[in-house]
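Colleague: all I have is the shape, not the residue letters:
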């Protein structure tokens, strides 16, 4: 998609600065991208088609997504404000609480998202909130260099 098409799909992008940062690909999705992976898709499908962390329930619930990211050292936090020394992610949900999307914070405070099978973009947090993708619901963080 080009920038005009993205603004049509995500009306919130019209009011903020954003950049397309990759080519289209189906090799990974937004949940994997937020986890820092580009070699596989993450989703808790019952048929085990996509990757899902061992021991985490394969269900599309906020609790399961929180548990999935916890396997990478993330812990729930109160907000998406930039904090030096931490990496943050956010899980988006529909109003009923079903996870739909995840994004990762970049150094400096902007966010990066993989948009379905389309491109990755750098954007302001609220720029991709919409009925289709849901709304920023759960923030999580971990130290920038976990285990070091």
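Modeller: Perfect, I can see it now. Source: prediction; values computed, not measured.

Colleague: can you tell me the SS state at residue 69?
Modeller: helix (DSSP: H, G, I helix; E, B strand; the rest coil).

Colleague: lowest-pLDDT helix or strand in this structure?
Modeller: Lowest by mean pLDDT, DSSP states H and E among the helices and strands of the chain is helix 3-9, with a mean of 90.

Colleague: give me the contacts around it.
Modeller: Residues from elsewhere that reach helix 3-9 (Cβ atoms under 8 Å, 6 or more residues apart in numbering): 1, 13, 14, 18, 20, 115, 121, 130, 132. All C-beta atoms are positioned from the backbone trio N, CA, C, and that covers glycine.

Colleague: who wins for neighbours among those?
Modeller: residue 121 (24 neighbours; other Cβ atoms under 10 Å).

Colleague: so for the least confident helix or strand of the chain, what gets flagged as buried?
Modeller: With burial defined by 16 or more other Cβ atoms under 10 Å, the residues of helix 3-9 counted as buried are 6, 7.

Colleague: return the distance of it from the chain's centre.
Modeller: With Cα atoms, centre = their mean, to the nearest Å as the basis, helix 3-9 stands 19 Å off its chain's centre.

Colleague: next: stretch 68-79.
Modeller: Centroid displacement of stretch 68-79 relative to its chain, using Cα atoms, centre = their mean, is 12 Å.

Colleague: return the subset of the contacts of helix 3-9 lying in strands.
Modeller: Those of the contacts of helix 3-9 mapping onto strands are 20, 121, per DSSP state E.

Colleague: what about the most centrally placed residue in the chain, which SS state?
Modeller: Nearest to the geometric centre of the chain sits residue 102, at 1.8 Å (Cα atoms, centre = their mean). Following three-state DSSP, we place residue 102 in the strand state.

Colleague: please name the nearest non-neighbouring residue to it.
Modeller: Nearest in space to residue 102, with sequence neighbours left out and distances taken as Cβ to Cβ, 6 or more residues apart in numbering, is residue 34 at 3.6 Å.

Colleague: please consider this matter closed, and thank you.
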